[in-house]
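**Student:** What would the 3D arrangement of this be:
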Amino acid sequence: MIDAVATDSSSTESNDKPRRTRRTRMTGAERRAQLLEIGRTLFAAKGFEGTSVEEIAAKAGVSKPVVYEHFGGKEGLYAVVVDREMRRLLDMVTSSLTAGHPRELCEQAAFALLDYIEECTDGFRILVRDSPIPQSTGSFASLISDIATQVEDILGREFKSRGFDPKLAPLYAQALVGMVALTGQWWLDVRRPKKAEVAAHLVNLAWHGLDGLEAKPHLIGRRKS
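**Tutor:** Numbers count the residues shown, from 1 in each chain. You can find the predicted model right below:
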């Protein structure tokens, strides 16, 4: 009887031991997507120099060679992250320019950038940092230039209808887009006032500045060259 009880007790203890759960193996595409998301988060928080392959691998639960296998190293991963964010922001701005009235187009462009900052904060933090990789696919400055190119045609048509030199449209496009981009960098951390109010003030400055534009502006100071 005693032996029977002992046997039953042993059997119960065996059944109480936690069973090992099988880890689901990721596909190559799933692993790549996971590493990109982890890299994006770490690069945004710590920058390129402050992030290590060891940390990326540890967060993903893999060994360092897996990171090298997918991206060839930290530089390759960073370049892909930057390229994806640049394309995402450019697509958001380009697709937003649908209005017919120039002032509303300014509003749409401002909202597109502020939307991106709000929805893709980590991505924007990465883009506004100077890229430490010479062979990187681009920089924030080149991205702003790409966006300004989208605005050039709009300004060119507006300048022509007002009797201004349309050849100056690229200069004004860079100035307007740069103004929105720098304000966006400031708003990234303060988040005040609200997004719609920021967009309204940006357009207020841009539109009324264009509205009172001189065909041939002149300097009032002593320096003329």
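**Student:** Show me what counts as buried in stretch 142-151.
**Tutor:** Within stretch 142-151, the residues that qualify as buried are 143-148, 150-151, counting by 16 or more other Cβ atoms under 10 Å. Using the backbone N, CA and C atoms, a C-beta is placed for each residue, glycine as well.
**Student:** ignore the last one, stretch 76-93
**Tutor:** Taking 16+ other Cβ under 10 Å as the criterion, stretch 76-93 shows 76-82, 85-86, 89-90, 92-93 as buried.
**Student:** pLDDT score for Ile133?
**Tutor:** According to the model's per-residue confidence, Ile133 sits at a pLDDT of 60.
**Student:** Show me the buried residues of stretch 76-93 that map onto helices.
**Tutor:** Those of the buried residues of stretch 76-93 mapping onto helices are 76-82, 85-86, 89-90, 92-93, per DSSP state H.
**Student:** Give me the below-cutoff pLDDT ranges for this protein.
**Tutor:** Where the chain drops to pLDDT under 70, the residues are 1-23, 130-138.
**Student:** Would you map the helices across it?
**Tutor:** Taking DSSP H as the criterion, the chain contains helices spanning 2-16, 28-46, 53-60, 64-71, 74-96, 102-119, 121-128, 140-162, 169-190, 195-211.
**Student:** and the angle from the fifth one to helix 64-71?
**Tutor:** Following axes from the mean of the first three to the mean of the last three Cα atoms, to 10 degrees, one obtains 40 degrees for the angle between helix 74-96 and helix 64-71.
**Student:** same thing with the second one?
**Tutor:** In terms of direction (the same axes, to 10 degrees), helix 28-46 departs from helix 64-71 by 100 degrees.
**Student:** Centre of the chain to helix 28-46, how far?
**Tutor:** Chain-centre distance of helix 28-46: 14 Å, with Cα atoms, centre = their mean, to the nearest Å.
**Student:** Go through it and flag the buried ones.
**Tutor:** Of the residues in helix 28-46, those scored as buried under the neighbour-count criterion (16+ other Cβ under 10 Å) are 31-32, 34-36, 38-44.
**Student:** Stretch 203-223: end-to-end distance?
**Tutor:** Start to finish, the residues bounding stretch 203-223 are 31 Å apart (Cα to Cα, to the nearest Å).
**Student:** how much distance is there from it to the middle of the chain?
**Tutor:** In this view, stretch 203-223 has its centroid 32 Å away from the chain centroid, taken as Cα atoms, centre = their mean.
**Student:** List the buried residues of it.
**Tutor:** Going by 16+ other Cβ under 10 Å, stretch 203-223 has these buried residues: 203, 206-207, 210.
**Student:** Take the residues you listed and lay them out in TSV including distance to Ala60.
**Tutor:** Listed next are the buried residues of stretch 203-223 as TSV, based on distance: Cβ to Cβ, whole Å:
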residue	distance to Ala60
Val203	43
Ala206	44
Trp207	47
Leu210	49
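**Student:** residues touching the nearest residue to Ser63 once chain neighbours are set aside, list them.
**Tutor:** Of all residues beyond its chain neighbours, the one nearest Ser63 is Ala57 (6.0 Å), with distances taken as Cβ to Cβ, 6 or more residues apart in numbering. Ala57 makes contact with 63-64, 66-67 under the criterion Cβ atoms under 8 Å, 6 or more residues apart in numbering.
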